[in-house]
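1. no FASTA, just this:
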């Protein structure tokens with residue numbers, strides 16, 4: 001008789017449960033997602049649970065970082081870009097960096113590729129990662145973690161960056177099975193590298209699907225289950241960014257954020273209304289309303305099926 005195969009573990013949690021279990025005061029938290037699939041809902045739950053003293057690692061520190069700063073969750077930021085995604089500034093971040101108001105922010109800056117190399121070193125458990133792109137840059141003069149080593153082969157000096165190993169990485173994705181096999185399409189960013197570099201990983205998805213769905217298209221699995229600690233189903237959890245194939249980017253919100261964040265009182269009022277006064281992301285989604293979400297609907301752009309083939 002054929003051997004029975006044990007069922008894969010069920011790692012599903014609510015967002016509240018996942019953040020409570022895996023994000024602690026003082027942790028280094030990676031929040032990754034490039035242009036789309038930004039884990040905004042996870043950031044809001046961190047705010048609701050009142051985490052403090054976090055080091056946030058995010059290549060493109062944007063609105064969700066501004067919100068976490070304004071909520072008092074963050075003491076240090078590690079990033080390679082700060083801004084409101086080509087739509088303006090981040091008011092809270094600027095106040096903290098430029099005038100230390102309401103308190104200073106420790107900011108460790110790298111280039112985009114420097115951050116990728118840090119994740120690669122962390123994922124591969126390497127002591128550092130070499131790169132050439134800092135030649136001629138001023139970044140090494142303001143970040144002492146960017147150093148040089150002598151190549152053991154040609155004797156040349158090469159820039160290196162240290163690994164980053166977050167206590168927890170949180171990413172957003174389109175879908176996963178209950179065990180955590182996570183599928184991403186469109187821009188894949190550095191989600192996989194950030195997860196492999198971390199000690200714990202929470203994957204937030206638009207939908208949890210049956211194992212058979214994931215197995216039918218295995219090449220789309222960017223993050224395997226064995227590096228995932230929790231899977232959270234959270235539809236529309238990347239808003240105001242977009243999820244390829246699910247909903248569009250909320251450009252109006254991005255344009256409005258500069259004015260909101262420029263005024264500290266208005267920013268705190270926004271957090272009170274949209275984060276603290278909503279029990280969870282489902283309440284946030286409902287507050288925006290069905291007509292709003294209809295305006296972000298996307299049409300179909302289906303890929304062609306792939307025949308993986310199998311022995312007859």
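-> Now that the structure is in, tell me what you want to look at. Remember, it's a predicted structure, so these values are computed and weren't measured experimentally.
2. for the helix or strand of the chain with the lowest mean pLDDT, give me every contacting residue.
-> Taking mean pLDDT, DSSP states H and E as the measure, the chain has strand 81-82 as its least confident helix or strand, at a mean of 92. With Cβ atoms under 8 Å, 6 or more residues apart in numbering as the test, strand 81-82 has contacts from 59-62, 65, 90, 93, 112. Every C-beta, even on glycine, is put in place using the N, C-alpha and C of the backbone.
3. now, of these, which are buried?
-> Neighbour-count burial (16 or more other Cβ atoms under 10 Å) is assigned, among the contacts of strand 81-82, to 59-62, 65, 90, 93.
4. next step: the residues you listed restricted to helices.
-> Per DSSP state H, helices hold the following members of the buried ones among the contacts of strand 81-82: 65, 93.
5. and the buried ones among the contacts of strand 81-82, which is closest to residue 171?
-> Closest to residue 171 out of those is residue 59 (12.0 Å), distances taken as Cβ to Cβ.
6. please enumerate the strands of this structure.
-> Along the chain, the segments classed as strands by DSSP state E run 28-32, 54-57, 60-61, 74-79, 81-82, 106-109, 129-131, 147-150, 157-161, 168-176, 182-183, 200-208, 221-223, 230-233.
7. can you read off the pLDDT for residue 220?
-> We have a pLDDT of 96 for residue 220.
8. dump the residue contacts of it.
-> Counting by Cβ under 8 Å, 6+ apart, residue 220 touches 183-185.
9. kindly recompute the last result at 6 Å.
-> 183, 185 (Cβ atoms under 6 Å, 6 or more residues apart in numbering).
10. make TSV from the contacts of strand 81-82 and add pLDDT and distance to residue 132 to it.
-> Shown next, in TSV, are the contacts of strand 81-82 (pLDDT from 0 to 100; distance: Cβ to Cβ, whole Å):
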residue	pLDDT	distance to residue 132
59	96	19
60	94	22
61	95	25
62	95	28
65	98	29
90	96	30
93	96	29
112	95	14
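11. need these in JSON lines with distance to residue 179, can you?
-> Output for the contacts of strand 81-82, formatted as JSON lines (distance: Cβ to Cβ, whole Å):
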{"residue": "59", "distance to residue 179": "27"}
{"residue": "60", "distance to residue 179": "29"}
{"residue": "61", "distance to residue 179": "31"}
{"residue": "62", "distance to residue 179": "31"}
{"residue": "65", "distance to residue 179": "30"}
{"residue": "90", "distance to residue 179": "37"}
{"residue": "93", "distance to residue 179": "37"}
{"residue": "112", "distance to residue 179": "32"}
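12. what's the closest of the strands of the chain to residue 118?
-> Among the strands of the chain, the nearest to residue 118 by Cβ to Cβ is strand 157-161 (5.1 Å).
13. residues touching that closest one, excluding its own?
-> For strand 157-161, contacts defined as Cβ under 6 Å, 6+ apart pick out 114, 117-118, 128-131, 134, 146-151.
14. give me that answer again for 8 Å
-> 110, 114, 117-118, 121, 128-135, 140, 145-151.
15. mind checking how far that strand is from the chain centre?
-> 27 Å (Cα atoms, centre = their mean, to the nearest Å).
16. tell me the buried residues in it?
-> Buried residues in strand 157-161, counted by 16+ other Cβ under 10 Å: 158-161.
17. then stretch 275-290?
-> By neighbour count on 16+ other Cβ under 10 Å, the buried set for stretch 275-290 is 275, 278, 280-282, 284-285, 288.
18. now residue 198: closest residue in space, sequence neighbours ignored.
-> residue 169 (3.8 Å; Cβ to Cβ, 6 or more residues apart in numbering).
19. Provide the partner residues of the one you found in its beta bridges.
-> For residue 169, the beta-bridge partners are residue 30, residue 201 (DSSP bridges).
20. could you check how far residue 47 is from residue 228?
-> Residue 47 sits 23 Å away from residue 228, going by Cβ to Cβ, to the nearest Å.
21. who are the contact partners of the nearest residue to residue 245 once chain neighbours are set aside?
-> Nearest residue to residue 245 in three dimensions, chain neighbours excluded: residue 174, at 6.4 Å (Cβ to Cβ, 6+ apart). Taking Cβ under 8 Å, 6+ apart as the contact definition, residue 174 lies against 37, 183-185, 205-207, 243-246.
22. try it again at 7 Å.
-> Residue 174 makes contact with 183-185, 205-206, 243-246, according to Cβ atoms under 7 Å, 6 or more residues apart in numbering.
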